[in-house]
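A.B. asks: Just the structure for this:
(one chain, ligands or ions: 2)
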Amino acid sequence: MQERIPLVIDTDMAYGSPQADIDDAVALLFALASPEFDLLAVSAAGGNAAPGCVSRNLDSLLRLVSADIPHSFSCSRPIDPGFWVNARWSSSPAKPAARSEYPDLPDSVQLLYSTLSASAEPVTLVTIGPMTNTALLLIQHPDIAGKIGRIVSMGGSIHMDGVAGGPAEFNIKADPEAAAAVFSSGIPVFLFPLDVTKKKRIYPETIASWEGRGPLIRSLREASVAFMKHRAERDGYYPPYAFFHDVLPLAYLADPSLFTMRECSVSVDLHGDLTRGVTVFDMASSGAHVAVDVDSDRVLALAEGRIMERFGTL
Ligand code: RIB
Ligand code: CA
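C.D. replies: Ligands and ions are numbered 1, 2, ... in the order given. Model prediction:
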């Protein structure tokens, strides 16, 4: 059997908070259920929910599935602290956990540093939220870059199909300076933009087969359907649907044949009044590996099969 990939995941997991997207949780469960990975640690990042909410969500899910994986409490704000995402956090109906409720958890940057330092071989760092922790790690501990074999991220958009409120993809828009620091770090970057993550819509019918499994699976399904309905009502479309964005970087690592990758350069707009956080891809240049196509049905089948096999009764 092939050697397992030493892996760290940095997530802004919202599952566990009201009206939450579940894609980070599905990505984490997929990683835990996949034999290709040696999951060394999971760090929490603010983004899809406030840092204190993500930290609690992450701790709860790992406990629920009895995964004894080192994880962290996120205290970090975007590198530009006055940024838009704070408005989104503060409108969340969930009360963030206080740092004092989790005295045993290390801070995210501290966990990343200690995990990478202790690894004898380069580690694959997967980011599925804003890149704040990774950027802070590289800024505070520049010596650690040699321990990161590659950074594999959900983020960006080739064709400027962004999120409600602008043309930029959320993970980049939530901390553009962090993304810019990561993209210019010299560490190999593999990026999975909205162009591939939005190829397959997840409808309530798509995950209907999850019903009748254990309470965890039913809860994930119900949370996902609630999220779809909330977003559809808010943004005025029908029928409701969602995407499993964050599953794609992990599916790539498990089976690269599911994707078409292209080498190009990627940079981030930091200054535009309307375009701050937009990613710009130069296909005539090089520097990053970007997914341009995916066999979405096989990705979904792979993720569902593995998660149901490992966690279906939970
Ligand atoms: O734009 C998609 C990203 O934003 C994903 O990481 C998803 O979890 C959401 O937060
Ligand atoms: Ca995410």
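A.B. asks: which residues of the protein fall in strands?
C.D. replies: 5-11, 37-44, 123-127, 148-154, 189-192, 259-268, 279-282, 288-294 (DSSP state E).
A.B. asks: out of those, deepest packed?
C.D. replies: Among the strands of the chain, ranked by average contacts under mean count of other Cβ atoms under 10 Å, first place goes to strand 123-127 (a mean of 26). Any C-beta I mention is one placed from the backbone N, CA and C, and that applies to glycine too.
A.B. asks: now that one: how far from the chain's centre is it?
C.D. replies: 11 Å (Cα atoms, centre = their mean, to the nearest Å).
A.B. asks: need the residues of this structure near ligand 1, please.
C.D. replies: The chain comes close to ligand 1 at residues 12, 21, 23-24, 47-48, 128-129, 154, 169-171, 245-246, as judged by Cβ under 6 Å from any ligand atom.
A.B. asks: out of these, who's near ligand 2?
C.D. replies: 12, 24, 128-129, 246 (Cβ under 5 Å from the ion).
A.B. asks: on that earlier part again, nearest to Pro96, of the strands of the chain?
C.D. replies: Nearest of the strands of the chain to Pro96, taken as Cβ to Cβ: strand 37-44 at 11.2 Å.
A.B. asks: related to what we said a few turns ago, so which of the ones next to ligand 2 among the residues of the chain next to ligand 1 belong to helices?
C.D. replies: Asp24 (DSSP state H).
A.B. asks: Just the endpoints, please. Distance across stretch 203-219?
C.D. replies: End-to-end span of stretch 203-219 (Cα to Cα, to the nearest Å): 16 Å.
A.B. asks: how long is stretch 36-50 end to end?
C.D. replies: 31 Å.
A.B. asks: for stretch 30-48, that is, sorry about that
C.D. replies: Using Cα to Cα, one end of stretch 30-48 lies 19 Å from the other.
A.B. asks: With stretch 127-135 instead?
C.D. replies: 11 Å.
A.B. asks: Could you dump the strands of the chain into JSON lines and include mean pLDDT?
C.D. replies: Below are those laid out as JSON lines (pLDDT from 0 to 100):
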{"stretch": "strand 5-11", "mean pLDDT": "98"}
{"stretch": "strand 37-44", "mean pLDDT": "98"}
{"stretch": "strand 123-127", "mean pLDDT": "98"}
{"stretch": "strand 148-154", "mean pLDDT": "98"}
{"stretch": "strand 189-192", "mean pLDDT": "98"}
{"stretch": "strand 259-268", "mean pLDDT": "97"}
{"stretch": "strand 279-282", "mean pLDDT": "95"}
{"stretch": "strand 288-294", "mean pLDDT": "98"}
